[in-house]
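# Kindly return the folded structure for what I paste below:
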Amino acid sequence: MAGRIEDYALIGDMQTAALVCRDGTVDWLCLPRFDSHAIFAGLLGTEEHGFWRLGPAHAADAEPPTAARRSYRGDSLILESEWDTPRGTVRITDFMPPRDGAPQLIRIVEGVSGRVPMRSALRMRFSYGRVVPWVHKHDGRTVAVAGPDSVWFDTDCETYGKSLTTYSDFTVAPGDRIAFTISWEPSHKNPPPLPEPEQSLEATEDFWREWVEHCTYHGPYREAVVRSLITLKALTYAPTGGIVAAPTTSLPEDIGGVRNWDYRYTWLRDAAITLSSLLRTGYREEARAWREWLLRAVAGDPENLQIMYGIAGERELGEAELDWLPGYENSAPVRVGNGAAHQLQLDVYGEVTEALHLAHMTGLARNDYASLLQLKLIRYLEDHWDEPDEGIWEVRGPRRHFVHSKVMAWVAVDRTIKLIESGDADGPLERWRELRDDIHRDVCEKGYDKERNTFTQSYGSKELDASLLLIPQMGFLPPDDKRVIGTIEAIQRELSTPDGFILRYPTEGDSEGVDGLPGDEGAFLACSFWMADDLAMIGRVDEARKLFEKLLALRNDLGLLAEEWDPRLKRQVGNFPQAFSHVPLIDTALRLTASGAYGG
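Below is the predicted model:
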């Protein structure tokens, strides 16, 4: 069985990523891209679906020992894990070098003390665990081939095959360093070059050290902010600038339930807020690359803006179920692709426009097409802002007039008006000012419950929604407006878990709720960060700081967060690590630092 979600570490090369468990097992790796088929899919099934375990040898009927200590090497994505055994201590360094050619996963075993028997067990299964490759020797190297893919395994250790698995048994003493590498190459091409593990390790460490030096945040939460920034960089597909929401698919929001989705794509909403965090912490080049990705993805067809695209801008992300995989802790179905790609979510127009506005305001070099795109988006919203949609949470139930969607439509119009007022674009200023007023009036009249003094999830509904916390953050109403304060307090009362974290919206257990799905889910971490932001904005800074630091305590030992926190099981749930959790962590840290609301 796969480990708990928080037991995993992330390593990656900014084109794909692997998850490494505490026992030294790589249970998830897609090659050559984030959205490629997995060659290790044990995370969503069993060992039969692919894994690579490297660690101290153990009895066949015993559980693999877990590392006593693990950490990233400084501010990098190089994982170091140490095992203390009766025979001595051993260290394994796992990393994926930023690539020039073939993608590589390199694992270096180092003896620290004593003489420790070790074992590598490599079981490659292509196509998400469904295909057993042909494994053979080629010029002294081990290669696994199936269809278009080949994976090359290189080590100086002796290897042998047993039960469709490649093994290496060896012993390490102090000072020994033994490397293992897998490299991917299209099966019709020549073999990839022989790896150079030590040189690659040095280059990888240099890359991350130099990248982190650009961070402009030096406040009290620097460790958490830098780790989140590194995670966001790791989720960026370097060739295009697209940012995946997470490197995994189908890690459940409800253990044993059906709320399992593929997050290996670029959501405009997630990417736009990521751009905001990058710009505010000094990473202009990443922000520029994302803007260029956006313009290419949307090019020529802004009226049919999708909520998400492939990492190179692909539009077709058809959803399918992999019925041969039982799912993480039997949470089925396992899905690839995402059927929400063609939903109508009007809020993304506001998210994209806000991101372009921020890029403009922070002095990112002007792009005339970006301004043209912004104008085209508003012309579309003029005719469609008053339609029902699926909303920020991608409900699979009927469309509604979601308040958050209307607020973000207002944001889109407001930021475009500001662009025109600055003299950097031309448009019907008076007409759009009237449109901005119309949307604002509509929301305040139809999305506000006077009796309870709170905005509601959708027009005419009684339910609350944590996305309403963004109303003051987007400037729709000032923080001291009684309707804003009433909404914050209503969400605290009705959507808080017993430990003070925030649910997205009410769910109905075995019955279908507003999202059209049965089952419940955990506290959505982004929403809890939004609550901390709002509390700081309305002057309750001590309360904001305490909530923020409780959220920081939910991170795993490596500083990583999944999408949600299950308050019943006291564990992380959902895809991992999740950009939509790490971005608001950065934003809240910046806000609290600016307000002086931190301890010590």
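# Flag the shaky bits of the chain, pLDDT-wise.
In the predicted model, the chain carries pLDDT under 70 at residues 1, 300, 302, 507-520, 597-600.
# can we see that at 50?
When the per-residue scores of the chain are filtered using pLDDT under 50, the ranges that remain are 509-512, 600.
# hey, where'd the helices end up in it?
Using DSSP state H, the helices of the chain run over residues 126-129, 197-212, 222-234, 268-280, 284-298, 347-361, 368-384, 403-421, 429-446, 470-473, 482-494, 525-537, 541-552, 579-595.
# Compare those and report which one is nearest to residue 559.
Between residue 559 and these, the shortest separation by Cβ to Cβ is 3.7 Å, and it involves helix 222-234. For the C-beta atoms, the positions are set from N, CA and C on the backbone; glycine is no exception.
# that older thread, most neighbours per residue, which of the helices of the chain?
Counting by mean count of other Cβ atoms under 10 Å, helix 525-537 has the highest mean neighbour count of the helices of the chain, with a mean of 26.
# Export that one to CSV, keeping only CA atoms.
What follows is helix 525-537, C-alpha atoms only, in CSV (Å, rounded to 0.1, in the frame of the first residue of the first chain):
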residue,chain,number,x,y,z
LEU,A,525,-6.5,24.9,2.6
ALA,A,526,-6.6,27.8,0.2
CYS,A,527,-9.9,28.9,1.8
SER,A,528,-8.3,28.8,5.3
PHE,A,529,-5.5,31.0,4.1
TRP,A,530,-8.1,33.4,2.6
MET,A,531,-9.8,33.5,6.0
ALA,A,532,-6.5,34.5,7.6
ASP,A,533,-6.1,37.3,5.0
ASP,A,534,-9.6,38.6,5.7
LEU,A,535,-9.1,38.6,9.4
ALA,A,536,-5.9,40.6,9.0
MET,A,537,-7.8,43.0,6.7
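# Which of the helices of the chain sits closest to residue 257?
Relative to residue 257, the nearest member of the helices of the chain by Cβ to Cβ is helix 525-537, separated by 18.1 Å.
# what inclination does that closest one have with respect to helix 541-552?
Interaxial angle of helix 525-537 relative to helix 541-552 (axes from the mean of the first three to the mean of the last three Cα atoms, to 10 degrees): 160 degrees.
# other SSEs contacting helix 525-537?
On a contact count with 3 or more Cβ pairs under 8 Å, 6 or more residues apart in numbering; DSSP states H and E, helix 525-537 meets helix 470-473, helix 482-494, helix 541-552, strand 564-566, helix 579-595.
# could you dump those to CSV with distance to residue 237?
CSV is the format used below for those (distance: least, Cβ to Cβ, whole Å):
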stretch, distance to residue 237
helix 470-473, 27
helix 482-494, 35
helix 541-552, 27
strand 564-566, 24
helix 579-595, 12
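# so what's residue 227 up against?
Contacts for residue 227 were tallied using Cβ atoms under 8 Å, 6 or more residues apart in numbering; they are 72, 75, 558-560.
# Now, of these, which are buried?
Taking 16 or more other Cβ atoms under 10 Å as the criterion, what is buried in the contacts of residue 227 is 72, 75, 558-560.
# Select, from the residues you listed, the two members most distant in space.
Of all pairs drawn from the buried ones among the contacts of residue 227, the greatest distance, 14.3 Å, lies between 75 and 560 (Cβ to Cβ).
# State the distance from residue 86 to residue 390.
Counting by Cβ to Cβ, to the nearest Å, the separation of residue 86 from residue 390 is 57 Å.
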